[in-house]
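**Q** Fold the stuff below for me.
(chains A and B)
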Number of protein chains: 2
Amino acid sequence: MLFPYHSLRIFAENIFLKIGFSQENAQLATKVLLSADLRGIDSHGIARLSGYVRLWTAKRLNATPNLQITYETPSTATLDADAAVGLVSAPYAMQIAINKAKNCGTGWVAVKNSNHFGIAGYHALLAAENNMIGIAMTNASAIVAPTFSIDKLLGTNPIAVAIPALSEPTFVADFATTTAANGKFELLERENKDAPLGWLQDAQGNPTTDVQTRKKGGALLPLGSDREHGSHKGYCLGAIVDIFTGVFSGANYAKWVPPFVSYLPLPENPVGEGIGHFFGAIRVDAFRPAEEFLAHMDTWIRTFRNAKAVEGKKVIIPGDPEREAEIIRMAQGIPLMEDVVKDLRDLGEKFGVEFL
Amino acid sequence: MLFPYHSLRIFAENIFLKIGFSQENAQLATKVLLSADLRGIDSHGIARLSGYVRLWTAKRLNATPNLQITYETPSTATLDADAAVGLVSAPYAMQIAINKAKNCGTGWVAVKNSNHFGIAGYHALLAAENNMIGIAMTNASAIVAPTFSIDKLLGTNPIAVAIPALSEPTFVADFATTTAANGKFELLERENKDAPLGWLQDAQGNPTTDVQTRKKGGALLPLGSDREHGSHKGYCLGAIVDIFTGVFSGANYAKWVPPFVSYLPLPENPVGEGIGHFFGAIRVDAFRPAEEFLAHMDTWIRTFRNAKAVEGKKVIIPGDPEREAEIIRMAQGIPLMEDVVKDLRDLGEKFGVEFL
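**A** Numbering: from 1, shown residues only, chains lettered A, B, ... in the order given. Below you'll find the predicted structure:
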């Protein structure tokens, strides 16, 4: 079923208002949430709305947070998100990074005591809109096993980097540091399909194609799949994200990162507060005049876009598919699966907000 | 054959002096070069010495460079390396980043007009020695095909991140953004072995195990190997490194990055000067008090080191294997293959420097 963006926007805003968000934060959280649906990353969009509400019900998410800078240097700051939803704390933190970059050339903000922030790419793009390179990362609850590990110690820990150009659209890389993002598994599960080898291991650390292994002690694998194909590099990437987001800020890290789903208990003996994010903003004229930088980005993008490709394919510029999805979905509507629609109807009934 | 570190050091220093390096730069270049041999990354160590000399002979490497900051903001700078060897320009650039971080919390330096800089990990570790997190990247000549591409547009473009701890040794991730580093292929070639599937594609973009394909239009593959296993993420990583090092600084990027080997011609119509590097330094007290940060890094490292592992294995902390190699090789000597020894003897004869 296709739903107009603006109908979904009004619905989500009203839900956020019902649980006590300010008008401003309800609008912001909705905009960030729905940017995932628009950009084709359905797993991170309105399908998660009821999950956020359940976190609020479980008193893990503060609807009226007091966001405060608790530590800073000229180019850095740490933000205590006061258990805010990341959909609100992340754009706030990126704005601090942007302001720091105006003065210093670059700005870097670590966030603690936060919750899930939607898609990393949205936040990185905020910097690009200000003529800056944007970087966004978050940690997440541990469902990934480092190379040779049976224990799950890392989240899917995504990294996004947005780099503006002159005439070409902004380069936006946004990817989980695992072989496959979590949303891919949800899709396979719904379709009752196996995963490719290289995405999962079972509770003994052996390769498996069984998507159910995730509920039986199995784990997602870092980018690279196995040692021979460089999974130690994917493990390094996931680790760097965990340290930059969790250890820098004073949030939880490793196995202590709180789960998104409210039915799972919070890890015992936490090493920090909430989940952690990390943001960077770099002025496009931090290293050379802006017009030079932007013109060379055009050349870079065109060189890759026009590369000779294997038959029937083309070389993709990171961000192109999401931008194309955004245009189509804004015009034609956002497709939602039946169970998501049912979930949203139930949510609407509970709060007295009409769906559609 | 095993060679004492100090003998190799004196030999390499004398070679650099013979081609006109200052005493200081000869010592520095040698220290950086041999750190690769000590840390077990043989492909980037003294085995490359004659390659650097050939670059000098071909007038692509300036033995007496005038390193100059050409552009800066409070937290950033661009360094024109004046065709220096990266073994010299990279530590110089990292020192600028460290100085900037002292004032601003973080420091970021892009380098243009440089040459190969040895192992990225060495430069990242310089920051760690100053109680900072260190980041180092470089681009390199294009031998890697982006996802779906037949054209080779990226180098192996390594990333290194060094993060100090309190009692635990420094975390040091240092990896090529390809499935396998170039040195692995040189080894396979020497042993006349095939590569695993997922490391290479042939001139038509098909998977191959033939190491010789690299000389017949084939390419290395980005981390992830193929689209199904996330090669688009490895492509993104390689692209980010290329842009941060090449486009930020004003160096060459993509197919224009000059080759390390002097027998290959320089690419036509260059888009910048030389190859590019990028360095970052972040004070350990940029986001929270140093003692808190360092103590939590200890907890992070111990949590991963003590994870339950698959039988016969252990979970490795990035940097541990290299640190262990360094202790052993400093004590017992550095193993060099026969053809490397012959190459060094020839080099010594040519310049009247005794080898061993």
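
**Q** now the strands for the stretch 101-250 of chain A?
**A** Counting by DSSP state E, counting those that start in this stretch, the stretch 101-250 of chain A has these strands, from start to end: A:106-114, A:132-138, A:159-163, A:171-175, A:200-201, A:207-208, A:219-220.

**Q** Of those, which is nearest chain B?
**A** strand A:171-175 (3.7 Å; CB to the nearest CB). Using the backbone N, CA and C atoms, a C-beta is placed for each residue, glycine as well.

**Q** Any residue of the closest one touching chain B?
**A** Yes - Strand A:171-175 is in contact with chain B by CB under 8 Å from any CB of the partner chain, via A:Phe171, A:Ala173, A:Phe175.

**Q** quick one, what contacts the second one?
**A** Applying CB atoms under 8 Å, 6 or more residues apart in numbering or on different chains, we find A:Ala173 in contact with A:Ile159, A:Ala160, A:Val161, A:Ala162, A:Pro318, A:Gly319, B:Cys236, B:Leu237, B:Ala239, B:Ile240.

**Q** mind giving me TSV with those residues and columns for distance to B:Ala12?
**A** Converted to TSV, these look like this (distance: CB to CB, whole Å):
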residue	distance to B:Ala12
A:Ile159	37
A:Ala160	42
A:Val161	37
A:Ala162	42
A:Pro318	41
A:Gly319	45
B:Cys236	37
B:Leu237	32
B:Ala239	34
B:Ile240	33
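
**Q** what's the closest non-adjacent residue to whatever residue of the stretch 101-250 of chain A ends up closest to chain B?
**A** The stretch 101-250 of chain A approaches chain B most closely through A:Gly105 (2.9 Å), counting by CB to the nearest CB. Nearest non-adjacent residue to A:Gly105, counting by CB to CB, 6 or more residues apart in numbering or on different chains: B:Thr73, 2.9 Å away.

**Q** Repeat that for A:Gly40.
**A** Nearest to A:Gly40 is A:Ala325, by CB to CB, 6+ apart, at 3.6 Å.

**Q** Could you say which helix or strand holds that neighbour?
**A** helix A:320-332 (DSSP states H and E).

**Q** Going by neighbour count, which residues in that helix are buried?
**A** Using 16 or more other CB atoms under 10 Å in any protein chain shown as the burial criterion, the residues of helix A:320-332 that qualify are A:Asp320, A:Glu322, A:Ala325, A:Glu326, A:Arg329.

**Q** Look up the pLDDT of the first one for me, please.
**A** With respect to pLDDT, A:Asp320 scores 97.

**Q** how near is it to chain B?
**A** Here A:Asp320 is placed at a distance of 11 Å from chain B (CB to the nearest CB, to the nearest Å).

**Q** just checking, what packs against the helix holding A:Ala325?
**A** helix A:23-38, strand A:171-175 (3 or more CB pairs under 8 Å, 6 or more residues apart in numbering or on different chains; DSSP states H and E).

**Q** wait, doesn't the residue of the stretch 101-250 of chain A closest to chain B sit right on B:Trp108?
**A** Yes - A:Gly105 lies in contact with B:Trp108 (CB atoms under 8 Å); the separation is 7.5 Å.

**Q** okay, and the common contacts of the two?
**A** A:Ile282, A:Ala286, B:Ser75, B:Thr76.

**Q** Looking at chain A, which helix is longest?
**A** Criterion DSSP state H: the longest helix present in chain A is helix A:86-104.

**Q** So which bits of the stretch 51-200 of chain A are right by chain B?
**A** A:71-78, A:103-106, A:108, A:110, A:146-151, A:153, A:161, A:163, A:171, A:173, A:175-180, A:196, A:198-199.

**Q** and those, which are buried?
**A** By neighbour count, with 16+ other CB under 10 Å, those hold A:71-78, A:104-106, A:108, A:110, A:146-151, A:153, A:161, A:163, A:171, A:173, A:175-180, A:196, A:198-199 as buried.

**Q** any chance of the strands of the stretch 101-250 of chain A in CSV, with mean pLDDT too?
**A** Shown next, in CSV, are the strands of the stretch 101-250 of chain A (pLDDT from 0 to 100):
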stretch, mean pLDDT
strand A:106-114, 99
strand A:132-138, 99
strand A:159-163, 99
strand A:171-175, 98
strand A:200-201, 98
strand A:207-208, 98
strand A:219-220, 98
